[in-house]
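Enquirer: Structure of the sequence below:
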Amino acid sequence: MDRLSLAAPAKINLRLLVGPVRPDGYHPLRSLMVALDGLADTVHVTRAAERTVTCAGIDGRANLAWAALDALEAEAARPLPVAVEIDKAIPTQAGLGGGSSDAAAVLRAADRLYALGLGADRLEAVAARVGSDVPFFIRGGCQWAGGRGEVLSPAPRPAFAALLVRPPGPGLSTARVYAAFDRAAPPPPSDSSEPPPGMPALAAWVRNDLWPPALALAPSLGATARALTAAGARTALLCGSGSCVAGLFDDRPAAEAAASIGWDGPAIVVTPAA
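Expert: Prediction:
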């Protein structure tokens, strides 16, 4: 086997609780992360004479996939040359985890192409050296994430549909949003309850502590959130550190009806991945 093509799905954080910055520069997190069906990049990985990473706008060493291959070669203690081509569908700087998902797909593909047999635990350990969200995409499904995002534990998958809307214009960098979070008053305390079944209880339970700082940096996000609730969403939730906003609906037909009204920017209906 010389070539693999893998789907790299987007994710949503239904709850993202953020603590004060640690001495190492990271923030402790508690987040319920859900892999999504309906939005994914496609990652092609081919055994090659030398490493290349091709992705529109984020080629070569600038792509997180390059760092993933560095980490995998360190784990394997040998070169693993591959040619990586990434067909992007997940918007960048949207809080949907596209870059991390691509990196995880490259790890899984290279492990198989070179018959390393690392297994899920070792791959997750390698992924944790690449980025905070990358281990989640090795495991997938629905997971509580702790630490800086790399400590995972399975969780029941809630039932929902979401309409993802990315407002036009430049995205929000994660670093800028966390810097704004550090300058703001700390968020209110939260319980550690599990997600309740069904709407509207789930809509009342979701939370993202990065929403206020992101809104301060990009006030237009508020208009997007209001438009989603006006279109029938039970609530509107910032995706990760932004700048995509998710409207949560009872089911896919309701989300598709809202998508059909027309939006100024990408609007994509998703559901939890099986």
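Enquirer: Would you tell me which helix is longest in the chain?
Expert: If you go by DSSP state H, the chain has its longest helix at helix 98-113.
Enquirer: Buried residues, that one. List them.
Expert: Buried residues in helix 98-113, counting neighbours by 16 or more other C-beta atoms under 10 Å, are found at 98-111, 113. C-betas here are computed from N, CA, C, even on glycine.
Enquirer: Stretch 59-69 now?
Expert: Result for stretch 59-69 [16+ other C-beta under 10 Å]: buried residues 63, 64, 65, 66, 67, 68, 69.
Enquirer: Max pairwise distance over the buried residues of helix 98-113: which two?
Expert: Across the buried residues of helix 98-113, no pair lies farther apart than 98 and 113, at 22.1 Å, counting by C-beta to C-beta.
Enquirer: Quick one: the helices in the stretch 51-200 of the chain, in order.
Expert: Along the stretch 51-200 of the chain, counting by DSSP state H, counting those that start in this stretch, helices occupy 64-76, 98-113, 119-128, 134-139, 174-183.
Enquirer: need those helices in CSV with mean pLDDT and distance to residue 48, can you?
Expert: Formatted as CSV, the entries for these read as follows, by pLDDT from 0 to 100; distance: least, C-beta to C-beta, whole Å:
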stretch, mean pLDDT, distance to residue 48
helix 64-76, 98, 11
helix 98-113, 98, 10
helix 119-128, 96, 20
helix 134-139, 98, 22
helix 174-183, 95, 31
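Enquirer: what about stretch 204-223, average pLDDT?
Expert: Averaging pLDDT along stretch 204-223 gives 95.
Enquirer: Go through that stretch and flag the buried ones.
Expert: Counting neighbours by 16+ other C-beta under 10 Å, one finds that the buried residues in stretch 204-223 are 205-211, 213-215, 217-218, 221.
Enquirer: Please apply the same query to stretch 184-198.
Expert: Neighbour-count burial for stretch 184-198 flags 187, 195 (criterion: 16+ other C-beta under 10 Å).
Enquirer: So what touches that stretch?
Expert: 14-15, 17-18, 20, 30, 32, 155-156, 158-159, 202, 205-207, 209, 212-213, 216 (C-beta atoms under 8 Å, 6 or more residues apart in numbering).
Enquirer: Just the ones of those in helices?
Expert: 202, 205, 212, 213, 216.
Enquirer: and the two most separated of the residues you listed?
Expert: 202 and 216 (26.5 Å).
Enquirer: Confirm for me that residue 154 is in contact with residue 143.
Expert: Yes - the pair residue 154 / residue 143 is scored as a contact, 6.0 Å apart, by C-beta atoms under 8 Å.
Enquirer: re the thing from before, make TSV out of the helices of the stretch 51-200 of the chain and add distance to residue 46.
Expert: As requested, the helices of the stretch 51-200 of the chain are exported to TSV (distance: least, C-beta to C-beta, whole Å):
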stretch	distance to residue 46
helix 64-76	13
helix 98-113	8
helix 119-128	20
helix 134-139	20
helix 174-183	30
